[in-house]
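J.: Here is the input, now give the coordinates:
(chains A, B, C and D)
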Number of protein chains: 2
Amino acid sequence: MRLPLDGGQMKRFHLDSPKRKAVSPLKKYELARFVKRRKPKKWSLEEEDALREAVKKYGKGNWKLIWNSRRDVFQERTEVDLKDKWRNMTRYG
Amino acid sequence: MRLPLDGGQMKRFHLDSPKRKAVSPLKKYELARFVKRRKPKKWSLEEEDALREAVKKYGKGNWKLIWNSRRDVFQERTEVDLKDKWRNMTRYG
DNA sequence: CACTAGGGATAGGGTTTA
DNA sequence: TTAAACCCTATCCCTAGT
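T.: Purely as a prediction, here's the structure:
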């Protein structure tokens, strides 16, 4: 399960390793009903600036390092969020 | 590119993944002139009922799952259409 | 095994049609 | 003018690959 949904430090949702027993595909989706998706939150200018600075400093791709470098600003983001945001910010050249 | 515009199974419009080469944003808009908008099609009672049932069963938000659960009825809709329709159906009250 | 890359899905604001 | 239908796309999720 993903915890916590709000407040506290973000952790990425992670399923356990596949088990031996075959599991109906529906299982996963049934789970989905209880594992709420995060509400989309618009990036602030401060966050964008921090990301630009950190990428310049640590290099694109080092998302975990970048995230750790500014926990104060990125508290409610995951390292994957940073990766996704950078993709958006650089999407059209 | 969105295919097909009519007939066959609906697919969502999807741009290719970003390439190395920068692409002018204008490209997209130029493209837009040739990608026709679908002709609005009224939702049938059968479709509305199927949507209500499926949302009850699988939960609001699991649009792809819902779409897959009744392909026969939703054949000419996309999962986004389902989401939009649900928004309309629950908009007031 | 922790992390990243990249394709997929959803949420919500916008736009167009009837 | 309005509501339904449809579109746009930032944000978030999934997971193969390393």
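J.: What's the mean pLDDT across the longest helix along chain A?
T.: Longest helix in chain A, counting residues (DSSP state H): helix A:45-58. The pLDDT scores in helix A:45-58 average 98.
J.: Does anything pack onto it? Which helices or strands?
T.: Helix A:45-58 sits against helix A:63-69, helix A:71-74, helix A:79-89, with contacts defined as 3 or more CB pairs under 8 Å, 6 or more residues apart in numbering or on different chains; DSSP states H and E. The C-beta positions use only the backbone N, C-alpha and C, and glycine is treated the same way.
J.: Report the inter-axis angle for it versus helix A:79-89.
T.: 90 degrees (axes from the mean of the first three to the mean of the last three CA atoms, to 10 degrees).
J.: so which of the helices and strands packed on helix A:45-58 gets nearest chain B?
T.: helix A:79-89 (7.4 Å; CB to the nearest CB).
J.: by contact count, what packs against that closest one?
T.: helix A:45-58, helix A:63-69.
J.: Could you check the pLDDT of residue A:35?
T.: 73.
J.: let me redo that: residue A:10
T.: So residue A:10 comes in at 58 (pLDDT).
J.: Give me whichever of the helices and strands packed on helix A:45-58 is most buried.
T.: Ranked by mean neighbour count under mean count of other CB atoms under 10 Å in any protein chain shown, these are led by helix A:63-69, which reaches a mean of 18.
J.: any idea which helix or strand carries residue A:92?
T.: Using DSSP states H and E, no element contains residue A:92; it sits outside every helix and strand.
J.: could you redo the helices and strands packed on helix A:45-58 as CSV and give each row mean pLDDT and distance to DNA strand D?
T.: Listed next are the helices and strands packed on helix A:45-58 as CSV, based on pLDDT from 0 to 100; distance: least, CB to the nearest atom of the strand, whole Å:
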stretch, mean pLDDT, distance to DNA strand D
helix A:63-69, 98, 11
helix A:71-74, 97, 11
helix A:79-89, 98, 4
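J.: As JSON lines, these with distance to residue B:86 would be great.
T.: Formatted as JSON lines, the helices and strands packed on helix A:45-58 follow (distance: least, CB to CB, whole Å):
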{"stretch": "helix A:63-69", "distance to residue B:86": "34"}
{"stretch": "helix A:71-74", "distance to residue B:86": "33"}
{"stretch": "helix A:79-89", "distance to residue B:86": "26"}
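J.: Between these, which one is closest to residue B:44.
T.: helix A:79-89 (37.5 Å; CB to CB).
J.: Give me the contact list for that closest one.
T.: Outside helix A:79-89, the residues that touch it by CB atoms under 8 Å, 6 or more residues apart in numbering or on different chains are A:10, A:12, A:43, A:47-48, A:51-52, A:55, A:60, A:63-64, A:66-67, A:74, A:77, B:18.
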